[in-house]
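> A structural model of the following input is requested.
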Amino acid sequence: MTTTTTVTDDRLLPADPGVRALARDLYGLVRDLPILSPHGHVPAGLLRDDQPFADPTSLLITPDHYVTRLLHASGVPLDELGVGRGPLDERAARDAWRAFCARWHVFRGTSVRYWLDSTLRDVFGTDLRPSADTADALYDLLADRLRQPEYRPRALFDRFRIEVLATTDDPVDDLAAHAALRDDPTFTGRVLPTFRPDRYLEAADPGWRDAVAALGTAASTDTSTYRGWVAAMEDRRAHFRRHGAVSADHSHEDVGTEPLDPADVERLYARGLLGAITADEAAALRRHMLLEMARMSTEDGLTMTLHPGVRRGHHRPTLGRYGPDTGHDIPLAGSFTDPLRPLLERFGTHPHLRLVLFTLDESVFSRELAPLAGFYPSVYVGAPWWFLDAPSSILRWREAVTEIAGLTRTSGFIDDTRALLSIPARHDMARRLDATFLAGLVAGHRLDEDEAADAVVDLVVGRPTEVFGLDAR
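Residues are numbered from 1 along each chain as shown. Purely as a prediction, here's the structure:
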């Protein structure tokens, strides 16, 4: 069996030679453009501290649920991959790496395989294919690279040409890491916090009362009433804005936004603080709160992103042992048209609202999201994320959305990743697929070449800049 991987410059471009030539030219226009990453999960502290990465396992395997979930499905316990164990010693890290390499075949055909191939070649400069036979040699090669100054986080940030990187942050975070980066004259990048208030909207969750109390402390506001909760949220959003935030991110089981009358809001909020709220009451309160979040976005300008429809912690024993974000969040059916109607009737035509809708349900691309974005000036269709940020899914999304809403009503690519080293591979994938899609329109005489050239650049630069307000500093 061969020990090297073939990664060609024409990867993901069309098979037809004539269309491929068109796509190659379009891709050439955006290949080396800076990366705008307005939605991700790389922590700001990683860049502030700029410490060397510990080892290949803790960098590429343990924190990446894309990787660990498939290995788990193939019979590798999560603890053998370092999940939930904290820093690994050399032996444990190498054993986990061997388990990963021995099961390289389980990633065939997946987007994870594409990202890892690109990362190994483009970041680490190796075409050595992971396998049981090459595991130790590959581990040693990567470990040696990680000891070199050019592989520290800030050096990679610059090497990847990342112009904007958004993090995901709790409303009570003091954002000290962001402030340190902003004030550090040796760091020239732009790292933006993102306001993520999900746990403060879920009154039935066991930790909600403590979270609300912490919110009040951070805002120096009494949150014993719903009115106080609103004031505290507004205060913390302003704090995030002062630190450069451009968006507020929301993920709940659904996107219901039905309003409650003031008396019912206060009553349900009080029941939540008493621990006496029912699941249905908590859902009603959360939907009202989400509507209130939209109202705040019209006033402070934070782009509102919604990505609903995930059953978090689907396997409760794994959740209890390893915690959240460990590979067993499973998509649900999506619904947007009626649940968002109250929000859109109030704010859908508001000049200061930008609302980005993401989904894990492909069936709603053309049935709901594209028609909504094709009418409401505030609505944009978010790029495929999570299970759908894969080549075939992205092309299906482009086809489903473009014919109804066009190219300009989309968000630009978002990488949604905790893995710094996968960011260039993910954005490069999106650029190649945009070039492929547009080349097909040109070949089918549905678009002129000059229009395709304008569009491919706009998708990389113009869309994220407009949708997330990245030109406002």
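> How is the chain divided into domains?
Structurally, the chain divides into domains by automatic domain parsing as follows: 54-150, 154-467.
> and P63, how many neighbours does it have?
17 (other C-beta atoms under 10 Å). C-beta here means a position set from N, CA and C on the backbone, and glycine is covered the same way.
> you'd agree it is up against R418?
Yes - contact status for P63 versus R418: in contact at 5.7 Å, counting by C-beta atoms under 8 Å.
> pLDDT at the residue nearest in space to the middle of the chain, what is it?
Central residue of the chain (C-alpha atoms, centre = their mean): D416, 1.8 Å from the mean position. You'll see D416 listed with a pLDDT of 93.
> contacting residues around it?
For D416, the contact set (C-beta atoms under 8 Å, 6 or more residues apart in numbering) comprises 39-41, 385-386, 389.
> Then Y200?
Applying C-beta under 8 Å, 6+ apart, we find Y200 in contact with 171, 208, 211-212, 215, 229, 233.
> and what of Y322?
78-79, 83-84.
> most surrounded residue in the residues you listed?
V83 (23 neighbours).
> Wait, it touches T62, no?
Yes - counting by C-beta under 8 Å, V83 touches T62, with 6.0 Å between them.
> From E362, how far off is the residue nearest to R31 when sequence neighbours are not counted?
Nearest residue to R31 in three dimensions, chain neighbours excluded: R431, at 6.7 Å (C-beta to C-beta, 6 or more residues apart in numbering). Distance, R431 to E362, using C-beta to C-beta, to the nearest Å: 22 Å.
> Tell me which of these two has more neighbours.
Using other C-beta under 10 Å, the more surrounded residue of R431 and E362 is R431, with 23 against 17.
> Just to check, the more buried one is in contact with L29?
No - counting by C-beta under 8 Å, R431 sits too far from L29 to count as a contact (9.2 Å).
> residue ranges for the helices of the stretch 351-473 of the chain, please.
Along the stretch 351-473 of the chain, counting by DSSP state H, counting those that start in this stretch, helices occupy 364, 370-373, 391-405, 423-443, 449-457, 463-467.
> could you redo those as JSON lines and give each row distance to T298?
Converted to JSON lines, the helices of the stretch 351-473 of the chain look like this (distance: least, C-beta to C-beta, whole Å):
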{"stretch": "helix 364", "distance to T298": "25"}
{"stretch": "helix 370-373", "distance to T298": "17"}
{"stretch": "helix 391-405", "distance to T298": "22"}
{"stretch": "helix 423-443", "distance to T298": "30"}
{"stretch": "helix 449-457", "distance to T298": "29"}
{"stretch": "helix 463-467", "distance to T298": "16"}
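> Of all those, which one is nearest R237?
helix 463-467 (18.5 Å; C-beta to C-beta).
> Low-confidence ranges, the stretch 351-473 of the chain, go.
Per-residue confidence for the stretch 351-473 of the chain (pLDDT under 70) gives these ranges: 472-473.
> try 90
471-473 (pLDDT under 90).
> Please apply the same query to the chain.
Across the chain, the ranges flagged by pLDDT under 90 are 1-9, 63, 86, 325, 471-473.
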